[in-house]
Every structure is written in C-alpha cells, then in structure tokens.
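Novice: Take this sequence and fold it.
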Amino acid sequence: MAPRNILLLHCHDLGRFLGCYGVTTVRTPALDTFAADAALFERAFAVAPHCSPARSALFTGTYPQRNGVLGLTHSPFDWDLADPATHVGNRLRGAGYRTELIGVHHESRVLADEVVAARLGFDRVCTDTDRDTVVANAVGAIARSRDDDRPFYLQVGFHEPHRTASESDPVGVMGFLAPGVVPDDRAGTTVPPYLRDDEGARIEIAELQGAVGALDDGVARILTELDASGLADSTIVVFTTDHGLALPGAKCTLYDAGLEVALMIRVPGRPGWGGTRVSGLASHIDILPTLFELIGIPGEEFSGTSLVAAVEPSAPTETQIFGQLSFHTYYDPKRSIRTDGHKLIANFSASPRAMDPTQSWNHRSTPAVLQGRSTGASQPLELYDLVADPLERHDLSRDPGAASELGVLAAALLGWMEQQQDPLLVPSAVDPRHDLSLALLRQAAAAQYGSGRTGAPPYDHPATTRTVPAGTSREQDNS
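Specialist: This is a model prediction of the structure:
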C-alpha cells in the first residue's frame, strides 16, 4: 500500500549544516541515518532567505507575492497569508486528513494557538518551541494516530539552531545557546568559506554545532517513535529548514549561502526514494506538489513543480530557481534567478550589501572578504558565474563578455515577476534607485531579445519601461 501519512519536520536557520551534506565536525547521526534511507536533494533552495516568507512558500506552494507574506508574521511586523485556506493544513483537512501543528509556526500571523488552528485547518496546534516539549507533543500525536483510521499530516517545527539570548552570551552578542545547548567542538569546527576562519568564528560555530546536535537528538526521538508505532511504512517523512545559516553573508542575502536548504524526503515502498542523492535544482515551492502527487491528491494551484520526476526516473525538473527578499528588519527589496551555472540578483534599494542576520551589536564572525571599512551600498545588479565563482565574489554584471547571459537572466527574472504580479514592477514614488535597477533589468533583456520580438519574455511592461539617465553609473557606492 502506498504511504498516505505525512510527517513534515522543519527547523530554523540550518542551511545544509549536516553531516550528510559533508560537514564532518557536526554530530547529526539521526539525520545522517535518515538521509541514507531517503532522497537527499543536494541543491535545494528556499524562495526567501528569512523565516516567514520562506515558510509561507513551503506551506502553501505559492510565492510570497501571491500568498501575501512578504515579511515577518510576528509583532511588530504582522504580515499574514492573503488566504489562509491555501495552507496545506486546510487543503489536507479538506481531503480527510487529521492535521496537527507542533512547535514553530511562522508562516502566517502569529496569534493564539486556537486561532491559528481554526485559520489554517489544524485539529490541534501547540506552538511551544521548547525542544523537549516539541518532541513530547510529536510523540503524542503519533501515538494518537495508531487508533485513528484517517491519514495524518503532522507538521513539526524545531526552534534550533536559531540564535537565542543566553546568560552565557558576551555583552552585545546573541549566540546559539538555547536552553540545554552547549558548544560542541569535539571534532573541530567547520567555518563556512564565506567567513574568516578565526577564533571568533570558531567559537560561534562550536555553539552552532551544539544547537544542530540538539536538533538532531529531537528528530531522533520522533523518528524512533514513528518506527515503534508501526506507522513508518505508511508515512512519508520530509525534513527541511527555512533557509541558510544565521551568519554574516548567509541568512538575509540572496547568495547561495542564504537560500540553500537541506531537503530529504523518505517515501516507503516507492522505487528510487531510498538512499538517493538528487543533484538537480529543487525549490521549496516544489515540496507540496511532490507530496500531493505521492498521495494522489490533485494540486493544480501550486506554483512549483513536483520532484517525483527528479527521482523517478531521475530526470531534471527545475532549470531556474527564484529568490526574493522584501522586508525583514527593514525594507531591502531584492529578487534573484539562479540556473545551473549563473545567478542574477537585482537590488531595488541602496541598502547595505548584506543585511545583518546576527541579532547582535557585536560580531564574533565576519565575512571572509571585506571591502573598505563599511558594508557599503549594494549595486543595482549582480551577476555571478557559479561554476568559476561558487562563493559569488566576482560580479560580472558590467562585464561586456557576460552581457548575453545577463540579458537572458534579466528577461526570465522579469517574466517571473510579471507572472507573480510582483509589486516591485511598479515604479517607486520616492526611491530613484528602485527605478534604476528596474530600468537596467529591462535594458539588459531588451538588448538580448529586442523589444519587438514575438514571444519574448514579458519584460516590456509599459508602466515600468524606462531608460537610464545619461551619466548614471551602476558602479556608484555610497560607502
């Protein structure tokens, strides 16, 4: 019998910082063992590098421009789903599923548990994020499922390894030491290549490794209960995170380090889903279409593409991955497109090159490449050759030899923005930089395709077509 239950495990700020993704100094035996029995997607990405917009896409199968969550859903930001009926809880409850949400809820307006349950279609909701409470509630939910004839959808969110205030933190620093978390450098530390490998970074990474280990222990206890319940053979299990690590140059940026996510899906009894590593591109937007295909429920309203074809019979599905940032702690509108070989980022404001994700006044880890004494202003466009430059350090947007690639990606990005009815396509009444970035995108696309070409991507929206004023430089930097 094909599996019909769904256990979706997710966490904060993990990126791909796991043993099964090649990080040898972090202790994640449960997730490594799970990965060996699942399809592991080596190049999966979030649609946004911060919590709520990333989760809104994951749990609705639609981009934030469509689902309404362009920023954080807790006070004082208070973004919310435009239509809570689109949440997977409502969709599956309507299909006869018993539904339960445990732990982190950050994809719609943060309200009382009973209100969240009624809005999103859950029979039960408990948003206490203490790790042991999350585990106990998940174990209880699995135990209740043994005596229920309905299939279940169980959504379990861990807080770890999010940064958390601790009495152990130095003044001005928020580290990774949630209650019960201790630093772990027993096997050394793995400092990501986009950070300077110095004492401050190693102290921070040791804390991170301890937090990831605490997450792994919680996952282990839930999966052990699933096995003991006799329900493992009828349950699809998904593990993922919202976005990249909460480190400088990762979270809150559209570089790969900010958008990369772990993604593993175990499908019992389905050929090709055990011990498989999938190298093609995948996006969070693809997870719900995949699950709905696996359980045999139509899902025509999703924006993504099912990954079943990427595993059975291992054929590529996604060729373009889109990313975005609008509001986090401040307005910093960006959009990106990534292919196998290149990435284009459009920065619609002159905000700093990278928003700070550390929640700290003082920093222990710093970027590997620092230009000048300040973060400086971002450039209107950034183009990277991901094969030759995987750390995205050498911007090719002004290189004449890359003009063709820039034009192709600009047209595709603008076409996607048109499709999603992106509000950034409307000229700004207050920010010339917004209009400059939009104009440069359109000019790059027009140079590649010609504005009159039949069937060209929809980059020539009349409300936003402009020319760049004479003398304007894309290299201006107010640092």
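
Novice: Mind giving me the packing neighbours of the helix or strand hosting Ala411?
Specialist: Assessed by DSSP states H and E, Ala411 sits inside helix 403-419. With contacts defined as 3 or more C-beta pairs under 8 Å, 6 or more residues apart in numbering; DSSP states H and E, helix 403-419 has these neighbours: strand 331-338, strand 342-347, strand 381-385, helix 432-449. For every residue, glycine as well, the C-beta is placed using N, CA and C.

Novice: Look up phi and psi at the closest residue in space to Arg186 that isn't next to it in sequence.
Specialist: In this structure, Arg186 finds its nearest non-sequential neighbour in Arg27, 7.6 Å apart by C-beta to C-beta, 6 or more residues apart in numbering. Dihedral angles of Arg27 (phi, psi; degrees, to the nearest 10) stand at phi -100, psi 100.

Novice: Arg27 and Asp435, how far apart?
Specialist: Separation of Arg27 from Asp435 (C-beta to C-beta, to the nearest Å): 50 Å.

Novice: what's the answer for Asp123, then?
Specialist: Distance of Asp123 to Asp435, given as C-beta to C-beta: 49 Å.

Novice: ranges for the helices of the protein?
Specialist: With helices called from DSSP state H, the chain shows them at 29-36, 51-60, 64-67, 88-94, 113-120, 131-145, 199-229, 256-259, 287-295, 308-311, 403-419, 432-449.

Novice: Need those helices in TSV (columns: distance to Glu107 and mean neighbour count).
Specialist: Shown next, in TSV, are those (distance: least, C-beta to C-beta, whole Å; neighbours: other C-beta atoms under 10 Å):
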stretch	distance to Glu107	mean neighbour count
helix 29-36	22	18
helix 51-60	4	29
helix 64-67	9	24
helix 88-94	10	21
helix 113-120	8	17
helix 131-145	16	19
helix 199-229	19	21
helix 256-259	17	27
helix 287-295	12	22
helix 308-311	24	20
helix 403-419	21	21
helix 432-449	27	21
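
Novice: Of all those helices, which one comes closest to Phe45?
Specialist: Nearest to Phe45 among the helices of the chain is helix 256-259; the distance by C-beta to C-beta comes to 4.4 Å.

Novice: Please state the offset of the closest one from the chain centre?
Specialist: 8 Å (C-alpha atoms, centre = their mean, to the nearest Å).

Novice: That one - contacts with which helices or strands?
Specialist: strand 331-338.

Novice: ok, the strand it packs on: who's next to it in the sheet?
Specialist: Its sheet considered, strand 331-338 pairs with strand 321-327 (antiparallel), strand 342-347 (antiparallel) by DSSP bridges.

Novice: Nearest to Gly103, out of the ones you listed?
Specialist: Closest among the strands paired with strand 331-338, using C-beta to C-beta: strand 321-327, at 24.1 Å.

Novice: Report the angle between the closest one and helix 51-60.
Specialist: With axes from the mean of the first three to the mean of the last three C-alpha atoms, to 10 degrees applied, the angle from strand 321-327 to helix 51-60 works out at 140 degrees.

Novice: List the contacts of strand 321-327.
Specialist: Outside of strand 321-327, the residues within contact range by C-beta atoms under 8 Å, 6 or more residues apart in numbering are 45-50, 53, 63-65, 70-72, 77, 79, 252-254, 259, 281, 283, 332-339, 355, 413, 416, 424.

Novice: and with 7 Å instead?
Specialist: With contact meaning C-beta atoms under 7 Å, 6 or more residues apart in numbering, strand 321-327 is reached by 45, 47-50, 64, 70-71, 77, 252, 254, 259, 281, 283, 332-338, 416.

Novice: same question, stretch 302-320
Specialist: With contacts defined as C-beta under 7 Å, 6+ apart, stretch 302-320 is touched by 39, 61-63, 66, 271-273, 276, 278, 280-283, 285-286, 288-290, 293-294, 337, 339, 412.

Novice: of those residues, buried ones?
Specialist: Applying 16 or more other C-beta atoms under 10 Å to the contacts of stretch 302-320, the neighbour count classes 39, 61-63, 66, 273, 276, 278, 280-283, 285-286, 288-290, 294, 337, 339, 412 as buried.

Novice: pLDDT weak spots in the stretch 201-350 of the chain?
Specialist: 314-316 (pLDDT under 70).

Novice: give me the number of residues near Gly274?
Specialist: For Gly274, the neighbour count with other C-beta atoms under 10 Å is 14.

Novice: roughly how far apart are it and Pro357?
Specialist: Counting by C-beta to C-beta - Gly274 and Pro357 are separated by 35 Å.

Novice: Repeat that for Ile203.
Specialist: According to C-beta to C-beta, Ile203 stands 17 Å off from Pro357.

Novice: swap in Ala257?
Specialist: In this structure, Ala257 lies at 11 Å from Pro357, with C-beta to C-beta as the measure.

Novice: what does stretch 125-138 contact?
Specialist: Identification of contacts with stretch 125-138 by C-beta under 7 Å, 6+ apart yields 101-105, 113, 116-117, 154, 156, 158-160, 180, 214, 218, 221-222.

Novice: wait, stretch 207-215
Specialist: Residues outside stretch 207-215 that contact it (C-beta under 7 Å, 6+ apart) are 11, 14, 17, 25-28, 131, 158, 160-161, 175-178, 180-185, 189.

Novice: Good, we can wrap up now.
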